[in-house]
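Colleague: Kindly generate the corresponding structure for this input.
(2 chains)
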Number of protein chains: 2
Amino acid sequence: MLKAQAPLMPASQHSSESAETRTALRGSRPRDTPPAPSQLAFVPFVSVDNMMKIVNQIGLPTMLREMSAYLEADFERWEQFDKSPRVAAHSKEGVIELMPTSDGATYGFKYVNGHPANMARGFQTVTAFGVLAKVSNGYPVLLTEMTILTALRTAATSVVAAKYLAPAGASVMAMIGNGTQCEFQVAAFRELLGIESVRLYDIDRHATDKAVRNLATSGIDVVACNSAVEAIAGAQIVTTCTADKQYATILTDDMIGTGVHINAIGGDCPGKTELQRALVQRADIFVEYAPQTRIEGEIQQLPPDHRVTELWQVINGDAKGRSSDGELTLFDSVGFAIEDFSALRYVHDQLETTGHFTKLDMIADPDDPRDLFGMINRAGSA
Amino acid sequence: MLKAQAPLMPASQHSSESAETRTALRGSRPRDTPPAPSQLAFVPFVSVDNMMKIVNQIGLPTMLREMSAYLEADFERWEQFDKSPRVAAHSKEGVIELMPTSDGATYGFKYVNGHPANMARGFQTVTAFGVLAKVSNGYPVLLTEMTILTALRTAATSVVAAKYLAPAGASVMAMIGNGTQCEFQVAAFRELLGIESVRLYDIDRHATDKAVRNLATSGIDVVACNSAVEAIAGAQIVTTCTADKQYATILTDDMIGTGVHINAIGGDCPGKTELQRALVQRADIFVEYAPQTRIEGEIQQLPPDHRVTELWQVINGDAKGRSSDGELTLFDSVGFAIEDFSALRYVHDQLETTGHFTKLDMIADPDDPRDLFGMINRAGSA
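Modeller: A predicted model of the protein is given here:
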């Protein structure tokens, strides 16, 4: 049902410009007039403020639903994409990553940091921005904040996976870790999977209180719990989303029975995991892109040849998702570049209808493309 | 002499903000007030227009001199940097690359495309933008156009290399390929190496004519030539900067005598070279970062163990530059991330003094860093 809503037209086709168009955009200008930037110099930019306007205009549930459709469409054509593990610069404080991919027509990348100690210092743990560009000429067609967008795409990815992996009729979700991502997960699982009740737990009660407040008018039944054990009671879906950069044990093997789906999204870099090894070993494991997940996910605890299934194979029918009621499924999610690509593609497609963007003079565009030097000189004498 | 001008303070120290500063910047705001972006949300942005203002305010020769000093300072501390070959997405039309590096305190990356057919279609062959960020919290501190900046840093890098490799007293340079980079090279070699005469050649006479026009008031003697052979007559330095993505032979072995320095900057990706193999083989070869140059540079034509010297070793005294008048030296330059880092660091240090930047609302920054969801909601009800 989701798939019908996912236009597959690459972003590039929306903004294709022939040399003729370009001349028309530019008009004719005498050589000695100081250059005003042509339309080619401008890259549409979605600020944080404009991203909030887009979310509020479209509505969060609708946006999560539509973005899930883009994600699912891109997972279906997974084999068309350039894939490589992200390029990470690790430091003692955290990590800065670049996550590029391309479908041959459109190129996208995300800049994202992960700094667990940031929150205590009043900064975001994760901030991000991203770019879409045309493969044919290398020109960017979108620059956008992606802190908010990453929160949305992560929730949308989780729920796409759960659609194939969670037990049928699941209505209760435990949410362990009530930080930035928490309410987005809840909103996505309510909108797309029909979750009716969510059981929250965080080692920091203030985080849980914040989530309870934010979800008060969401129409979902919210229960604040005092422990992880209390939170998972009766839950068919257990989502872990904690931020500590360490080998943590948020869930132990004895806590989880049969027939549960674990949506593990907090363990996402080397040395950062959330689940006890025995629990990971017992589960049927689904991942985004195995070469990256073996480095960054829960399965970094397992031998490098441990059997895992890539989610795209389930979505396009090459592999099975959940196959029995009693199965313990684990979506070992670390976030992959193609998900950001889908999110960028979605935002790019909302620019025209919402109008919530500005234009950045980011690409130097002299009249004669070889005459950058002359362009600077003429600007100077203006 | 250059070194004295190069402050080594990382960009991060200029914009460090403690948690206390942050609170002060933000002030106190009642919870239900719609969020106005705090200072943390803003990333200084240098547009193309502002980059031209910076160049024209500082003056191109001064800027090339100062940037060379930053480059030389960073080459000297080469071993402090994270180094990896760039991440390239190749297509039949060209390439899109991400070039990240870090010195442990500051992280930088450049997005750059290279599309040889762009020029004929009215687009730039190379466009770029770049980012500096603080390693300690992952927050960007600068977003800037880098099309102009790349032209400057490439010229500055060439002249830093030539300082160590060109024959003493060189006064004549041949410039083969008169595209975007041409006049920047000439300006740098005039300012920093005292070149008095430049001999231009391009297969497209219009390109040469453009360079002649732009250099008319530069004070350098400019000679337009009808062939590469004519251009190199009497030149102690031969710069090749052509854009065709192919194994080209701009210079053959028999064209170049002894005692010449070749500054080869056009051959910079797999399958794109400018020099005949025999000529490369005969030269003493200097490169930026051997693992990358062996893939992208002229030396992709030679066996992977062919002896080369990295430029930083010459600059910090670990290796010899030119050692005799008769030596044939080759700077096989492909452009490396650390050079962009130096250029970004330089621009970051000019923000305060020139004021030529704007502030982009690019980083989501809720009052409570965990409350991204609440921030969006409050913006919606405002």
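Colleague: Let's verify residue A:144: helix, strand, or coil?
Modeller: Assigned with DSSP: H, G, I helix; E, B strand; the rest coil, residue A:144 falls in the strand class.
Colleague: I meant to write residue A:322 there.
Modeller: coil.
Colleague: isn't it right up against residue A:163?
Modeller: No. The criterion here is CB atoms under 8 Å, and residue A:322 misses it with residue A:163 at 10.0 Å. All C-beta spots, glycine's among them, are computed from the backbone N, C-alpha and C.
Colleague: what about the two, which has more around it?
Modeller: residue A:322 (20 against 17; other CB atoms under 10 Å in any protein chain shown).
Colleague: how far away is the more buried one from residue A:280?
Modeller: 17 Å (CB to CB, to the nearest Å).
Colleague: looking at this, residue A:70 is in a helix?
Modeller: Yes. Under three-state DSSP, residue A:70 falls within a helix.
Colleague: Report the contact partners of it.
Modeller: A:6, A:342-343, A:345-346 (CB atoms under 8 Å, 6 or more residues apart in numbering or on different chains).
Colleague: next one: residue A:203
Modeller: Shown in contact with residue A:203 (CB under 8 Å, 6+ apart): no residues.
Colleague: closest point of the stretch 201-350 of chain A to chain B, which residue?
Modeller: Distances between the stretch 201-350 of chain A and chain B by CB to the nearest CB are smallest at residue A:214, namely 5.0 Å.
Colleague: Return the list of strands paired to whichever strand or helix holds residue A:285, each annotated with direction.
Modeller: Following DSSP states H and E, one finds residue A:285 within strand A:284-287. Applying DSSP bridges to the sheet, strand A:284-287 is found paired with strand A:309-310 (parallel), strand A:329-332 (parallel).
Colleague: what's the most buried one of the ones you listed?
Modeller: strand A:329-332 (a mean of 27; mean count of other CB atoms under 10 Å in any protein chain shown).
Colleague: pLDDT of it, averaged?
Modeller: Average pLDDT, strand A:329-332: 98.
Colleague: rewinding a little: between the strands paired with strand A:284-287, which gets nearest to residue B:235?
Modeller: strand A:309-310 (56.9 Å; CB to CB).
Colleague: Please pull up the helix or strand immediately following that closest one.
Modeller: Following strand A:309-310 toward the C-terminus (DSSP H and E): helix A:311-315.
Colleague: list the helices and strands that following helix packs on?
Modeller: helix A:60-76, helix A:147-165, strand A:284-287 (3 or more CB pairs under 8 Å, 6 or more residues apart in numbering or on different chains; DSSP states H and E).
Colleague: just how off-centre is it within its chain?
Modeller: Centroid separation between helix A:311-315 and its chain, computed with CA atoms, centre = their mean, to the nearest Å, is 17 Å.
Colleague: And the contacts of that helix?
Modeller: By CB under 8 Å, 6+ apart, helix A:311-315 touches A:72, A:75-76, A:78, A:160-161, A:164-165, A:286-288, A:319-321, A:331.
Colleague: Among those residues, which one lies nearest to residue A:365?
Modeller: The closest of those, once distances to residue A:365 are taken by CB to CB, is residue A:78, at 35.3 Å.
Colleague: The closest one and residue B:142: what is the separation?
Modeller: 35 Å.
Colleague: Going by how many neighbours each has, rank those two and give me the top one.
Modeller: residue B:142 (24 against 20).
Colleague: How about that one, nearest residue that isn't a chain neighbour?
Modeller: Residue nearest to residue B:142 in three dimensions, not counting chain neighbours: residue B:132, with 4.2 Å by CB to CB, 6 or more residues apart in numbering or on different chains.
Colleague: Quickly run through the sheet partners of the one helix or strand that neighbour maps to, with directions.
Modeller: Per DSSP H and E, residue B:132 falls inside strand B:128-134. Applying DSSP bridges, strand B:128-134 is found paired with strand B:106-114 (antiparallel), strand B:140-145 (antiparallel).
Colleague: Mean pLDDT added to the ones you listed, as JSON lines?
Modeller: Below are the strands paired with strand B:128-134 laid out as JSON lines (pLDDT from 0 to 100):
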{"stretch": "strand B:106-114", "mean pLDDT": "95"}
{"stretch": "strand B:140-145", "mean pLDDT": "97"}
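Colleague: For burial, what's the neighbour tally of the residue nearest to residue A:220 when sequence neighbours are not counted?
Modeller: Closest residue to residue A:220 apart from its sequence neighbours, by CB to CB, 6+ apart: residue A:190 at 5.1 Å. Residue A:190 has 21 neighbouring residues, counting by other CB under 10 Å.
Colleague: got it, and residue A:57?
Modeller: When counting by other CB under 10 Å, one arrives at 15 neighbours for residue A:57.
Colleague: And the one 3 residues further on, by the same measure?
Modeller: The burial count assigned to residue A:60 is 21, neighbours taken as other CB under 10 Å.
Colleague: what sits against it?
Modeller: A:152, A:184, A:187, B:376.
Colleague: which among these gets closest to residue B:198?
Modeller: Using CB to CB, the contacts of residue A:60 come closest to residue B:198 at residue A:152, 54.2 Å.
Colleague: Quick check: pLDDT value at residue A:13.
Modeller: On pLDDT, residue A:13 comes in at 37.
Colleague: What of residue A:370?
Modeller: 86.
Colleague: For it, which three-state class applies?
Modeller: coil.
Colleague: Could you do the one 10 residues further on as well?
Modeller: When the structure is split into helix, strand and coil by three-state DSSP, residue A:380 lands in helix.
Colleague: ok, it touching residue B:51?
Modeller: No. Applying CB under 8 Å as the test, residue A:380 and residue B:51 come out as separate, 11.8 Å apart.
Colleague: So for the two, which sits in the more crowded spot?
Modeller: residue B:51 (24 against 15).
Colleague: how about the more buried one, what does it touch?
Modeller: Per CB under 8 Å, 6+ apart, neighbours of residue B:51: A:364, B:144-145, B:148-149, B:347, B:356.
Colleague: Nearest to residue B:172, out of these: which one, please.
Modeller: residue B:148 (27.4 Å).
Colleague: coming back round to it: so which strand or helix has the residue nearest to residue A:220?
Modeller: helix A:182-193.
Colleague: can you tell me which residues contact residue A:346?
Modeller: Contacts of residue A:346 by CB under 8 Å, 6+ apart are A:66-67, A:70.
Colleague: Roughly how far does it sit from residue A:339?
Modeller: 11 Å.
Colleague: low pLDDT regions in the stretch 101-250 of chain A?
Modeller: Scanning the stretch 101-250 of chain A for pLDDT under 70 picks out A:244-245.
Colleague: For residue B:363, see how far away residue A:93 is.
Modeller: From residue A:93 across to residue B:363, the span is 17 Å (CB to CB).
Colleague: out of these two, which sits in the more crowded spot?
Modeller: Each of residue A:93 and residue B:363 has its neighbours counted (other CB under 10 Å); residue B:363 has more, 24 against 19.
Colleague: SS state for the more buried one?
Modeller: Going by three-state DSSP: residue B:363 is coil.
Colleague: Go ahead and confirm it touches residue B:139.
Modeller: Yes. At 6.3 Å, residue B:363 counts as touching residue B:139 under the criterion of CB under 8 Å.
Colleague: ok so, going back, next secondary structure element downstream of the helix holding residue A:190?
Modeller: strand A:197-201.
Colleague: Report all helices and strands that that following strand contacts.
Modeller: strand A:172-176, helix A:182-193, helix A:205-214, strand A:221-224, helix A:228-232.
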